[in-house]
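**Q** For reference, the sequence and a predicted model appear below.
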Amino acid sequence: MVRPRVLVVAGTHGNEINGPWLLDQWQQHPNLVDSQGLDVQLAIGNPAACVQGRRYLDRDLNRSFRPDLLEKASSMPAEADREMLQALALLEQFGPKGQTPCDLVVDLHSTTSAMGNCLVVYGRRPVDLALAALVQHRLGLPIYLHEADSAQQGFLAERWPCGVVIEVGPVPQNVRRSDIVLQTRLALEALMAGIVAVRDGTARYPDQVVIHRHLGSLDLPRRSSGEPDSLVHPNLQGRDWQPLKGGDPVFISAESNPLGFEGEDGVVPLFINEAAYAEKAIALSFSKQETWPLPREWKEALSQLVC
């Protein structure tokens, strides 16, 4: 095996169709994406859901990589649902101990929220943060650090030694758009360039990295029946990454009564009104922007992985 081997996954959610289209075009035109000569494997995360244009069939594949679910899929496949079996199949093929083992995974996603082009990392693994910092230094992309959320676990990117998500929006579900594909490709190429620079010893890291650290999520106000009693306020809609102040309108009722933000000043909303999160009782998530120094240990961890 020539290291590092990179797995690029698209279609983890079957109604996010820009990433799969990019991978299909890449296979048709091998020079479309500058992979910097890396050994790159391409995979559609949830092919069956992609065929039906649905986010998933039985459960969210990007919450199906929890150890307990993978163990059940392995030991009791007859009792496992389709996404549990698909998660196991991806790991058996491309996981660190799979038939075609990969060192890093890049998971391509799109969102109906106005997130622009950004990176998502899960937890504080030094390799993930170091690679994300290199891309931020090249392109200025924001980094969303999702951590400490017991309700949201089992992400695909966590099961590889290094994993980063590229998230681009806004774009409606099941709609292809050239600008979304282009932004995805630019971020992917920056990731590839960063990996090669580390491998070749030419990586130029920033002294600091700007992180948006996950704080929690907020649902729409609801009646006792469970139906929404208010909606996202128009002044907030489309203002992902824009800091809030106490009292800023967040929701609005049918009678046009606003509900103000009750948190501390400076909290940054993300994934505002993401269509897929309604079933998860999430109207938006909150983050805190922080600037962290880039420890040498992060750089060393990434270097050890790719060299």
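**A** Everything's here; your move. As the structure is a computational prediction, the values presented were derived from the model and not from experiment.

**Q** Surely residue 158 and residue 121 touch.
**A** No. Using Cβ atoms under 8 Å, residue 158 is not in contact with residue 121, being 9.6 Å away. Where you see a C-beta, it was placed from the backbone N, CA and C, and this is true even at glycine.

**Q** Between these two, which has more neighbouring residues?
**A** More neighbours surround residue 121 than the other of residue 158 and residue 121, with 25 against 16 (other Cβ atoms under 10 Å).

**Q** how much space is there between the more buried one and residue 221?
**A** Going from residue 121 to residue 221 by Cβ to Cβ, to the nearest Å gives 31 Å.

**Q** for residue 159, same thing?
**A** As judged by Cβ to Cβ, residue 159 and residue 221 stand 36 Å apart.

**Q** Show me which of the two is the more surrounded one.
**A** With neighbours defined as other Cβ under 10 Å, residue 159 and residue 221 compare such that residue 159 has more, 19 against 14.

**Q** helix, strand or coil for the residue lying closest to the more buried one once chain neighbours are set aside?
**A** What sits nearest to residue 159 in space, not counting adjacent residues and going by Cβ to Cβ, 6 or more residues apart in numbering, is residue 65, at 4.9 Å. At residue 65 the chain is in coil, as set by DSSP: H, G, I helix; E, B strand; the rest coil.

**Q** which of the residues in stretch 52-59 are buried?
**A** Buried residues in stretch 52-59, counted by 16 or more other Cβ atoms under 10 Å: 55-57.

**Q** got it, and stretch 189-206?
**A** Judged by neighbour count (16+ other Cβ under 10 Å), stretch 189-206 contains these buried residues: 189-199, 203, 205.

**Q** So for stretch 262-274, mean pLDDT?
**A** Average pLDDT, stretch 262-274: 96.

**Q** cool, stretch 170-187 as well?
**A** Mean pLDDT, stretch 170-187: 98.

**Q** Next, the distance between the ends of that stretch.
**A** In stretch 170-187, first residue to last residue: 16 Å (Cα to Cα, to the nearest Å).

**Q** For it, buried residues please.
**A** Residues 170-171, 173, 177, 180-181, 183-187 are the ones in stretch 170-187 that count as buried (16+ other Cβ under 10 Å).

**Q** show me where the stretch 1-150 of the chain has helices.
**A** Ranges of helices in the stretch 1-150 of the chain, per DSSP state H, counting those that start in this stretch, are 18-28, 47-52, 67-75, 82-94, 126-139.

**Q** export the ones you listed to JSON lines and tack on mean pLDDT?
**A** Output for the helices of the stretch 1-150 of the chain, formatted as JSON lines (pLDDT from 0 to 100):
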{"stretch": "helix 18-28", "mean pLDDT": "98"}
{"stretch": "helix 47-52", "mean pLDDT": "98"}
{"stretch": "helix 67-75", "mean pLDDT": "98"}
{"stretch": "helix 82-94", "mean pLDDT": "98"}
{"stretch": "helix 126-139", "mean pLDDT": "98"}
